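Trainee: I'd like to go over a predicted model; first the sequence, then the structure.
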Amino acid sequence: MNKEEILKAFHFRHACKEFDSNKKISNADFAFILETARLSPSSFGFEPWHFIVVQDTNLRELLKENAWGAPKKLDTASHFVLGLTMRAPLTKWDSDYIKNFMKDVQELPDEVIQGKGKFYEEFQKSDFDLNDDRKLFDWASKQNYIALGNMMTAAAMIGIDSCPIEGFKQKETETILRNHFDIDTEKYGLSYMVAFGYRIVEPRSKTRRALDEVVTWK
Ligand SMILES: Cc1cc2nc3c(=O)[nH]c(=O)nc-3n(C[C@H](O)[C@H](O)[C@H](O)COP(=O)(O)O)c2cc1C
C-alpha cells in the first residue's frame with residue numbers, strides 16, 4: 001500500500017453505528033484482523049489481553065442490558081469482540097503468569113528472567129507507581145487499546161467497518177461475563193467492546209482539529 005491508500009483507509013474508518021446484517025466477514029478476513037491484535041506491542045511484551053469473539057445471539061442479547069452504546073451494533077455486527085484486560089493477579093511483578101510468560105513464551109534464559117523481573121518490579125513499584133489494582137488494570141488497558149487500534153486500522157485497510165465501544169456499565173457487564181461467559185473476573189476486566197462488519201449507510205466526512213493544533217515541534 002502506498003501512503004495515499006493508507007490514508008484513504010484512515011478516512012474510511014469511522015465509528016460505524018449500524019452494520020448490514022446480511023453481510024458476513026469471511027473467516028480468513030477475521031483471522032487477519034485478530035492476527036493484528038495478537039502481534040500488537042505491549043509493555044515488556046507481556047500481552048495483558050484476551051479477546052472474546054461473541055457470535056452467539058443469546059449472549060449478545062445479554063450484553064445489551066448494560067451497554068447503552070452497543071445495542072444496534074450487537075444486533076447487526078458480523079463479528080463482535082470483547083477486549084478483556086488482565087488484572088493484578090496476572091500482571092503484578094511477582095505473579096506466576098509473568099514468571100511463566102518469560103520462561104515459556106519469551107523463552108528467556110534464567111539469568112535474563114531475573115534481570116527483566118527486577119526491572120519490571122521497579123517499573124511497577126516506582127517508575128510508574130502502579131501500586132494498586134486499579135492503576136495496574138488501567139495501565140494494562142492502555143496496552144490493550146493499541147490492539148484495538150490495530151484491529152480497526154487493519155479492518156479498514158481491507159474494507160471492513162468497525163466501532164469501538166465504551167458505552168457500557170463496566171461492573172454490571174463484568175457480572176454478566178462472570179455468570180454467562182465463564183470469565184474469571186478476578187483475573188480479567190472488560191476494557192472495551194468492538195464491533196466489525198459492513199456499513200449500511202455512508203458516514204459524514206471526518207471532522208478533526210488541524211494538524212498544527214495537535215502537534216508542537218520544538
Ligand atoms: C475508546 C472509545 C470508545 C467509544 N465508545 C463508543 C460507543 O460506546 N458507542 C459509539 O457509537 N461510538 C463510540 N466511540 C466512537 C467515537 O465516538 C468516534 O470514534 C469519534 O466520535 C470520532 O469519530 P470517527 O471514529 O467516526 O472518526 C468510541 C471511540 C473510542 C475511541
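Mentor: Received the coordinates, thanks. Numbers count the residues shown, from 1 in each chain.
Trainee: what does this structure have sitting close to the ligand?
Mentor: His14, Ala15, Lys17, Gly69, Cys163, Pro164, Ile165, Glu166, Gly167, Tyr192, Lys206 (C-beta under 6 Å from any ligand atom). Just so you know, the C-beta spots here come from the backbone N, C-alpha and C atoms, and that holds for glycine as well.
Trainee: Quick one, grab the pLDDT at the first one.
Mentor: So the one you mean is His14. His14 is assigned 98 on the pLDDT scale.
Trainee: who's in contact with it?
Mentor: Asp161, Pro203, Lys206 (C-beta atoms under 8 Å, 6 or more residues apart in numbering).
Trainee: Please tell me how far the first one sits from the ligand.
Mentor: When distances are taken as C-beta to the nearest ligand atom, to the nearest Å, Asp161 and the ligand turn out to be 10 Å apart.
Trainee: my guess is that residue meets Tyr198, correct?
Mentor: Yes: with contact defined as C-beta atoms under 8 Å, Asp161 and Tyr198 form a contacting pair (5.9 Å).
Trainee: any common contacting residues for the two?
Mentor: What both Asp161 and Tyr198 touch, as defined by C-beta under 8 Å, 6+ apart, is the set Phe19.
Trainee: which residue sits closest to Trp139, ignoring its sequence neighbours?
Mentor: Leaving aside its sequence neighbours, Trp139 sits nearest to Leu130 (C-beta to C-beta, 6 or more residues apart in numbering; 5.4 Å).
Trainee: what bridges to the residue nearest to Val53 when sequence neighbours are not counted?
Mentor: Spatial nearest neighbour of Val53, excluding adjacent residues (C-beta to C-beta, 6+ apart): Val81 at 5.5 Å. In this entry, Val81 is beta-bridged to Val53, Val194, by DSSP bridges.
Trainee: residue ranges of the helices in this protein, please?
Mentor: Listed in chain order, the helices of the chain (DSSP state H) span 3-12, 27-38, 57-64, 71-76, 88-91, 96-100, 110-122, 133-157, 170-180, 211-214.
Trainee: So for Ser21, which of the ones you listed sits nearest?
Mentor: helix 71-76 (4.4 Å; C-beta to C-beta).
Trainee: Mind listing what's buried along the closest one?
Mentor: Across helix 71-76, burial judged by 16 or more other C-beta atoms under 10 Å covers Lys72, Lys73, Leu74, Asp75, Thr76.
Trainee: Tell me the one of those residues nearest the ligand?
Mentor: Nearest to the ligand out of those is Lys73 (C-beta to the nearest ligand atom; 7.3 Å).
Trainee: and the nearest residue to the closest one once chain neighbours are set aside, how many neighbours?
Mentor: Distances taken as C-beta to C-beta, 6+ apart put Ala195 closest to Lys73, at 3.8 Å, once the chain neighbours are dropped. Applying other C-beta atoms under 10 Å, we find 26 residues neighbouring Ala195.
Trainee: That concludes my questions; thank you for your assistance.
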